[in-house]
Structures are given as C-alpha cells and as structure tokens.
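Undergrad: the following comprises the amino acid sequence and a computationally predicted model.
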Amino acid sequence: MRRSLQSALLLGLSSLVAAVYKDEVGQIDFHHALVGLPQSETTFFHRPKKDEKASLLYTLSDVGVLGAVNPNSGALVWRHQIFPGISHGGGHLRAPEGENWIIAAHGQQVQSWAALSGRNLWQTEFNGQVKDLEVMELTESARKDVLVLYEEDGVTVLRRLHGVLGTVVWEFREVSKDIPLQVSTSLSKVYVISLHGSPSSYSLKVTSLEPATGGRVDHLTVGTKGDVQGPQDVMFVGANSAAPILAWASNDLTKLNVHILGTKSKQDFALPADTVSVEIHAPHLTQSQPHFLVHTRTTTGNKGEVFHTNIKSGQITKAYELPLLPGLGAFSTSSEGANVYFTRVTNDEVLVVSSDSHSVLARDPLKSDARVEAVHAVSEVIKKAGGKEFAIRSATVTKSQDWVLIRNGQIDWTRSEGLSGAVAAAWAEIPEAENLAKVLAEEAHTNPLDAYIHRLTRHINDLQYLPEYLATIPTRIIESVTGGAVVVSKTTGLHRDSFGFNKIIIVATRRGRFYALDTGNHGEIVWSADVFPQAPGSTLDVKGILVNDSEGTVTVRGANGEYAVIKVADGQVVESQSGSDLAAVSATAVVESEGSKWLLPLGQDRKPTGDALKDLTLDQTIVIREDDDSIKGVKFVNQDGEIIKNEIWQLQLLPGQKIASIAKTPAHDPIASIGRVLGDRSVNYKYLNPNVVVIAAIDTAASALSVYLLDTVTGQLLASQVHEGVDGDKDISCTLSENWYSCAFFGQYTLNDGTDRDIKGYQVVVSDLYESPAANDRGPLGDAETFSPLDPVDTPTGVPLPWVVSQTWILSEPLNNLSVTQTRQGISSRQLLAYLPESHAILGITRHGIDPRRPVGRDPSAAEIEAEGLARYTPAIFIDGRNLLSHERDVVGVSGIVTTPAVVESTSLLVAYGIDIFGTQISPSGQFDILDKGFNKVTLLATVLALTWGVVLLAPMVRRKQINRMWEAFL
Amino acid sequence: MDLRILLSLAFATLSAAQLTITVGLPAKPNPFLLPPSTHATLSSLHKRLEAPLTTVNTFNFHNVTADSYLLDVHCATEAFHPLRVDVGEDGEVKAWETYRGNEWANKGEEVPVKSEGGARGISVKGAGSKIFFVERPAFSVFSILKNPMILMGLVTMGIVFGMPYLMDNMDPELRAEFEERQKENPMNAIMGNAQAGQNPLGNFDMAAYLAGSGKKEGVKR
C-alpha cells in the first residue's frame, strides 16, 4: 500500500521533463483571466470593508462568473464560477450597504460571499427556481436580511433568510397560477410582484407583506388586463427606496407606466418618438431621495428624464430632462447619503448631474482613445474634500464588448471580457511571410528572363534594408550573448519567427464575436470583429471552423446556417451570410478535394445544404451522427443534379445508450516510427489506420460505458471495451492519436478478477493498438504497401483486427477535454493533455507515463528498463504540480483544447479556451533542438577565453623548456 | 397565518433531518492563506457534492444522502489527503483515510467524527504544498570544485608540486632521517625506487624523440 504510493510518486517525478521553469512564466505562456461580460443588473461598486473608503467592483457576468475586480488596476481580486457548466446569463447579485458580504442567487441556490476574501459565508438550496433576490436594508434588528423569491411548480414562495446564518426567518407561500416576478421592499412593507392572468394578456399583481412575520397585508392588481405581455415587459422594480416604483412600457413603446408600490394608482408618461428601449435607474438606498431617471434610446440617440416622487401625495412629477444625444449612451446611479447622482457616459464626455436639478456638477471630456460606445455603466461619484469637486469613476461595458474604467476622461484599464465564453478556436499561420512564397512561385512560372529581371529588381529593392540590418548586428550579438536564451525576434507587431512559435489563434465566442490572438505577443488581441451578433438569450453554436493558411482566411459555419469567411490578418469579413432557422446546419465535415480542404455543411436531414456538391463528386465516406445517436457512414452521390445519400454502414447503439464522446484522429498526426522496439530487440508493429474513430456510448441507467473503435470506411468494429459502473452524469472524454486512444471517466465497480475488490474514483484508460500480439509479426497484412478494408477477406484469420493492450489508472481528479500534443514530424513523444475542472489547471501527462505496455505484478527486467524504460504498473497516477502546464494560473471553465505543431520538432503549441483563454508551448521530450535559457553563453565564452589564455601563456613556457632541454643534451 | 407557521415549522424539522457534513482544515498549512477557489467534493456514482471554502475554514455539505463517498479537498496551492466518508441510512457518518489505487475496502485509520445536532464534523490532513516549477540547473564554479574527482586531483597536484619544496626546506638532520625511513619503506621498491632518482621517463627527451634523433646520438656529437 505504502509502496504503491511511493511508486506513484516516482511515476509523477519520472515525467518531469515537461515541467515549467519559473523564468519561462509569461514568456512561453499567456493567460486571459476573465470574468465574462458584466450584466447591467448585477454589477456595482461596493465597499468590502465597512470603515474603509476603498471599494471593489463586483459583477455576476453573463457566463456565470461572480468576480471582484480592483477598480484601480482592473486586476481580479477573486472569482467563482457559480453556474455549473455553461450559463446563459441571468442570476442575481446584491450587496447590502455597509456590510462586508454580497449575496448571489442562481438556479436553486443562494450564496453569501465575503466581499473582500471571496470566501463563502453560507449557501442554501431550495426547490424551484430563484426569480429574484433583494436585500432587506431595514429590519427589526441591526442586521440585514435577504429576501429570495422562488417559483416552485406554480407556487410563489418568498423566503426571508437570516443575513448572517442563511437560515429561514419566515416563508410566504401562495398557491396560485401567477408568475412571480420580483420582490421589493420599502421602509414598512415587502412587496411581491407577480403576473396574473393568461399568457399575452397579463395584469400585474402586487402583494404586500408584513416584513417581520411575512403575513399578507393586502394585494391589488395594477393596470388593466393585457398591459403586460410577458415577464420581460416589466422593466423595473425599485427596492429599498423610500417609495419603490414599478414601471412598464406599453407594447408600442409610446407610454411609460409607473406605479408607486403601496399606492393604488398608476401614472403614465409619454415616451419620445422612435423609442427603441427604455431603462430606469433609481437609487437602492432607503435614505436616498425618491428620484429616478428614465433612459430612453431612440433610433438616433438617447436621452434621460428625471422624475421626482412625492411620498406624501404619491405623485410623480417630471423634474428635468437631459438632452437627446447621438449614440447609445449609458446612465448610472450613485448615491451618497440622501444625494442621488446620475452619471451619463456619452460619446465624448462623462458628466454628473444631481437628481435635484439639471445643473452639471462635473464634466470630464473624453480623450480620443477613451471615446468608447458605452452600452451600460456603473459609476462611483465621490465628493472631494473641498466640497465642490467630484471624482467620477465609470466602469463601462462598451459595444466592442470591453469593460473599461473611465476616470478623468481617460481609460484607466480595459478588460477584454468579450473574449470570454469561447465556443471554438482554430490555429492559423501569420499570413505575412506568405508573400515571399507567392513571389517565388510567381517567378518559377514566368519565363527565365522575366524571372531573372524580377528577381534582380527584388534584390535591389531589398538592399534598402541592408544598412538597417547591419546596424542591428552588434546589438543582436550582445543581446544573444547576455540574454541567455535565443531572442526570437525584437520585431514588434504581427510577424513570423523561425521557430514557428508565433501563430494566430482565432477564437469564436458565443456572443458571435471573433478574436485573433498573437501567441508571439503574449496572446494579445490582434483584432476582433462582431461577425454574427447574437440576440439576447441566444448563443452562437459553431459547427465548423477551418483555416486556409495558403489564402490566409478562416471559414466558419454556425448551427443556424451562419457562414463567414474572415481574413486572418485583419479580421475583415470577406464573405458572410447571417443565419436563419431554415438553413440550419447540423454538422460540418472537413472535405479534401483538389488539394484543398473545405467545410461541407450538412442540414437537418444530414444532406449537404446549398449546392456545394453540385458539380463535384465526392468519393470519401462521411461519418454522420443522426438525431437518434446512430452513427452512419454515407457517400453523397450526384444523380442528375440531385444529391443522394447512400448509406454504407451504420452503428446502431443499444437501447438506453447515448453518445458520450467521439474522438477522431487529429488533422496533423505524423507517425515517426511504425514499430516499437522491445527489450529483446524484437519489434511490435503499431496498428496505424488513419480511418478510425472512437465512440464512447454511455448507458446511464445501467452505468455502463462502451468504447467502440470503428473503421470509418467499412464500419467494421475493430475493438470494443465495456466499462461497468461508469457515471454518465460526470464528464466522459476520449481522445485518439497515432496507435492509441484514451478515455477518462468516473468509475465505481467491482473488479472481475475474482478478488472481489471494489474500485471507486476518477480513471483514465489507455489502449494501444498493435498489428499482432506477437513481436516481429506484421499480422495478416504483412509488409503490404497498401490495403483496402473493402477488399474481400481471403485470409483464414478474417479481417485484420488490431491487438489491443489496455491499462487503467486511478487519478485524484477528473479529467476532461482530453487532447494530444502535435509536433511537426511526430518524433517527440506525445503528451496526453486534459483540463482539470477541480484544480482549474491544464494537465500534461507524458505518453510514457501512461504507456499500457508495462509489467503488471512484477518488476521490469533489466532489458525492459534499458531499452524501453518500462516501469512497473501502479494503479494510481499522482498528479504532481509540475505536470500542470498552467502551473499556478487559475484557468476557469475550459471547454476545449487545441494544439498545433511549431516549426521546431520539439515544441507543440497549445491553447485552452472557454471562459478563460490560456496558451503555452510544450516540449514533451524536452527542448532538444533549440538552446534554452539554461544554456549560459557567458560561461561558454569565458571557458573558451580561459583556454585560449592558457594556451597563449603556456606556449612560450613549453618552448623555452624544450630549447633548454636541447641545450642540456649538448652539455 | 397559523398555517404558515405550521408550514415553516414543518420546514424547519425537515431541514434538521437533512444531514450536514462539515469538513475542517488542519492548522498547517495556514488555512487563512488558502485561495478562495479552494473547495471540497464528495463524489460517488451519480453523485457529486461541492462545497466552497468558508470564512471559518470549513466546507459545509448540505443534504448529504446515504452512500459511501470519496472526499477530496481541491486547492491550488496545497495538497490534502483524501478520505472515505460513509453515510448510513440513519445518518450515521464514518470516515477513514483512503489510498488511491487501492481497493475501496482498504481503509486506513478511522477519522473521528464530531456530532453537533444535524451536523457532523470531520477534518482532513494536509499532504504538503504543491510544487509547480523545476529549478534550472545553474552554473557555479563551486559545483565543479565540489566534485570528488576534482578534489582528489587537487590533493594529488598539491603533493606532487608541494613535496619537493617541503623536502628542500626541511632540516638536514630530519631530512636524512626521512630518507632513511623511505629506504626502509617496502612501498618504495614497488613505486619505482625514487631514491635511485632514475625515473625511466625522467630521461626521456620528448623533443629529441619527436625530432627523430636518439639521445645517445646527440651525446656523441
């Protein structure tokens, strides 16, 4: 037991080659630690310590990350991914004034977090869905409590939770078919606002409750039937104000209805013509004046109107209005004591007005680089000590999906939060160097004289760069001597390097925005383009992304038939087609024809959409996955202008099975050696078939995972494995490369070796495929140059099937998004890459560490250690911190890992995308073809100099001695 | 109103029946320095419960149902030993140390479970800090000098070069005595008889040899 632990430790140490050196951090890797795009309702400034002025910026973003950001630097203080998996916005976040905690709610959960440390205070869970969350600023005791509104199968449940402990103080239940909307509090009452009636003709119902006991006081219906069409029409419900209001607009956006909670009447106000959207901003503090601002966006611009509520008479009067200005504009509210300030971010300035009068208290004209198109903002307005001056900080979400902090008309920091929520990524070469290749190709095709003249002029033209180049030589030499590692290049901007480390990674986000990051420049954003803007609530589902390096373009196809060709260099959209439900694409296939690769879109019927195959015959078999999870191999035949789907084979899953993971061979998967030399100098030949796919099917009810290895040409089942006791609710991930495949899952089962031992834990299974079980045997195919799986089988042994060697290891953590490194020639050993969702890290295990060919139950023989370096099988793999490619970085929410080879064989480039973006360089077999930083050139030079000096010094001495000896001989 | 009180009472009793497991952290590593992303998980087939780190350095799992769970504490900077936590149908909680890569029945020492009303408390043990980086082997003159081969060479060189000086500076009487001793030393016979002063290589004239002329020839001339 102890020994197995120790050997597991040794195994962890044996794969040290891949570890990261501390001085490489930030040099070879980059990380965008993101929180997601802040939502206007769940973003605010809050003081995490009662008696300190300093505040932090809190947000619950549209990707479900709750984060605290330092407003001075834009650095993350802490963050939690509180939505499990992918969220689509929503959630609630509130902060009680003057308390050191914040409260968040989503799904069924309510969580209270310490505002400064980001640690949990309490969390609780109830049945139903959270509809609203509000802080009760005034309670009968000194503490502040939390009101949570749940919808539980048509039952409206309001609970008051103890602010410090999270226990239920009281619960209000109402069995009605009403849709609970929001909860609001005033000084004396708690209000539940719900929709009453039937869909598309609702009326608003306000139920008022006693704050101390939760007893019903009254309920009334506001407005007429049909006023509100659905929950999204109710724009605003104020809370914690002296006179909280409820506001909704008429269907045609011509009238704004406002009701003061606790009164019986409503008032309506006309909205400007061409109104597109209306937002209401009001303070959330009981001591603040009951003023609110209506922000109206029209087709041409935006304006603000400030209203005052008279608490005594219950009348709302319009106080003043702010002029109509072009652009989207953003308003935000901040309050200090009774004073309420409205901050307006326009296209060219930030200004602050008091809610009392329209006189501008402070005005910061924006510098040219700070002229952002604001979508929404939160602001902090602080009266400076003098009493006249104001300090304004506005954290603004821009139309380009950045989160910027504007202070004094300047941008303090920018967080590219639009980069979060990536759904697809692809590697691309930097296009510039392609020009030379093109010129050379051009020269080769013209007649010799023209080509010569062309070349001569090109060289003369190049001469102008010579002096510049010569001037850089001394500095380059000095730098290369003192700098330690090879300085790749000092050139700024987008450029290729000789090692191939500089590449572009194209990232598509769920918001339909595309980004290009330069791996040579710490993953900085090269460009971003809003290619497929998404409506709120919908996300982009990328079905295929393919880079064409010779043309420098990237082609994208989305699930709704979106299609775009984008230039890699500058993000210019060459060709695009917006999506429609009719043109839905269920999948895409990468098809190679006439030497180029392109994406073949398949519609809902799994037939090619459009006329892609009109005048093209495709002889490849395409593997498709039907809606019922059956796998088919099909050929598309063009018959008199009509595309016919010919099914060649199909794999029907057993009833109850669902596809958990599919792994196919990477597009770039070179094989350096077809065999594997064993300890006794014999060779095991690898089963290398490019047309294979691994399908993992889970039967959740029976907890059985079946892993199939299929030949995609014939549909022949090459190998299959069944793992019992596999949890289908947890992640199952598979990958395939060279002659091996691997799956990771959670397993709990009894070993079937008769020992009756139970196993429980996260596991990884690795299976090697060989041509035959015997060494030096190439199986039934022998040395045949080619073979076709479609040929009739005339060997007595039947279809040549691979020999599978398989081994399972237990891990301390789940693995998902399995992937494999890619190098240029495939000579470097491979590494299995995975995301650790518990540790928030990227793991790299050398293939050697999970080699299934190893002695079990005995120690390896001397020959095995020497020739193959085999280690005895130990059932556990200890995940060492040095195996984490992301080392200390906290990489959140990875949904995919893509790798690509560099020019140098030793190195593979990796990018993990999801909520965060993390990229690094991996050398699975060490950096054997470039000098690393550990190579000390100064020492080398010093040694050479010392030796030269020694030779120079000793030479005359030796010569003198020899001459003396000659003379001695004569004497 | 009465109904509501009854309902809330019923709810309160219900919540008391649901089991809460509180996992405590050891005093070392300092639990106050752990990052806020630290969390614990209870996993079993078709079950996964997660609890974030609280301000009082605990993890609270609510509504734990009967099963045999694997308890892991995931922390970015520190490693912790896993535990096996068995929750019985009657709410009885037992915990043991468990070893990865061993059968589930192979339990280690039992971990004491504290019971407070509906909550059960157990604590985990630290397994040391995580190491993320490897040290780059730096060049140092001392690392070369510390090599035993080099040290042996240096000592030999000291003897070879230092001995003649030592002999020269010796008191004549002492020297005579020393030489007498050396003659007696049986090792001398083997070592080529230094007393005779006839090192076979001592007379070898490398320059002359390379010039192709024999020594004797030179003497004749």
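TA: Perfect, thanks for sending it. Numbers count the residues shown, from 1 in each chain, chains lettered A, B, ... in the order given.
Undergrad: domain map for chain B?
TA: In terms of domains, chain B is parsed into B:19-129, B:141-211 (source: the TED database).
Undergrad: start and end of the longest one, how far apart?
TA: So that's domain B:19-129. 32 Å (Cα to Cα, to the nearest Å).
Undergrad: close to chain A, is that domain?
TA: Yes: legend: contact between domain B:19-129 and chain A by Cβ under 8 Å from any Cβ of the partner chain is shown at B:35-37, B:39, B:41, B:43-46, B:48, B:51-55, B:60, B:62-63, B:68, B:70, B:72, B:74, B:76-77, B:82, B:99-106. Any C-beta I mention is one placed from the backbone N, CA and C, and that applies to glycine too.
Undergrad: re earlier: looking at the domains of chain B, which is closest to A:V713?
TA: domain B:19-129 (37.5 Å; Cβ to Cβ).
Undergrad: now do the closest one: distance to the chain's middle.
TA: 26 Å (Cα atoms, centre = their mean, to the nearest Å).
Undergrad: re the thing from before, most tightly surrounded among the domains of chain B?
TA: The highest mean neighbour count among those, using mean count of other Cβ atoms under 10 Å in any protein chain shown, belongs to domain B:19-129: a mean of 17.
Undergrad: max-length helix in the chain?
TA: All of this is about chain A. helix A:937-970 (DSSP state H).
Undergrad: correction: the question concerned chain B.
TA: helix B:148-168.
Undergrad: find the nearest non-adjacent residue to A:Q763, please.
TA: A:G747 (4.9 Å; Cβ to Cβ, 6 or more residues apart in numbering or on different chains).
Undergrad: bridging residues for the one you found?
TA: Listed by DSSP bridges, the beta-bridge partners for A:G747 are A:V726, A:G761.
Undergrad: can I assume it is in contact with A:G725?
TA: Yes: in this structure, A:G747 is within contact of A:G725 by Cβ atoms under 8 Å, at 5.3 Å.
Undergrad: these two: which has the busier surroundings?
TA: Between A:G747 and A:G725, A:G747 has the larger neighbour count (other Cβ atoms under 10 Å in any protein chain shown), namely 22 against 18.
Undergrad: where does chain B dip in pLDDT?
TA: Under the criterion pLDDT under 70, the flagged ranges of chain B are B:1-17, B:139, B:185-206, B:212-221.
Undergrad: does whichever residue of it sits closest to chain A belong to a helix or a strand, and which?
TA: Proximity of chain B to chain A (Cβ to the nearest Cβ) peaks at B:G101, 2.7 Å away. Following DSSP states H and E, one finds B:G101 outside all helices and strands.
Undergrad: quick check: closest non-adjacent residue to it.
TA: B:G101's closest residue in space is A:A876 (Cβ to Cβ, 6+ apart), at 2.7 Å.
Undergrad: any idea how far that neighbour is from A:S812?
TA: Using Cβ to Cβ, to the nearest Å, we find A:A876 at a distance of 8 Å from A:S812.
Undergrad: same thing with B:P148?
TA: 41 Å.
Undergrad: burial of A:V25, as a residue count?
TA: Using other Cβ under 10 Å as the criterion, the residues surrounding A:V25 number 16.
Undergrad: wait, it sits on A:L885?
TA: No: A:V25 is beyond contact range of A:L885, at 11.3 Å (criterion: Cβ under 8 Å).
Undergrad: with that, I have no additional questions.
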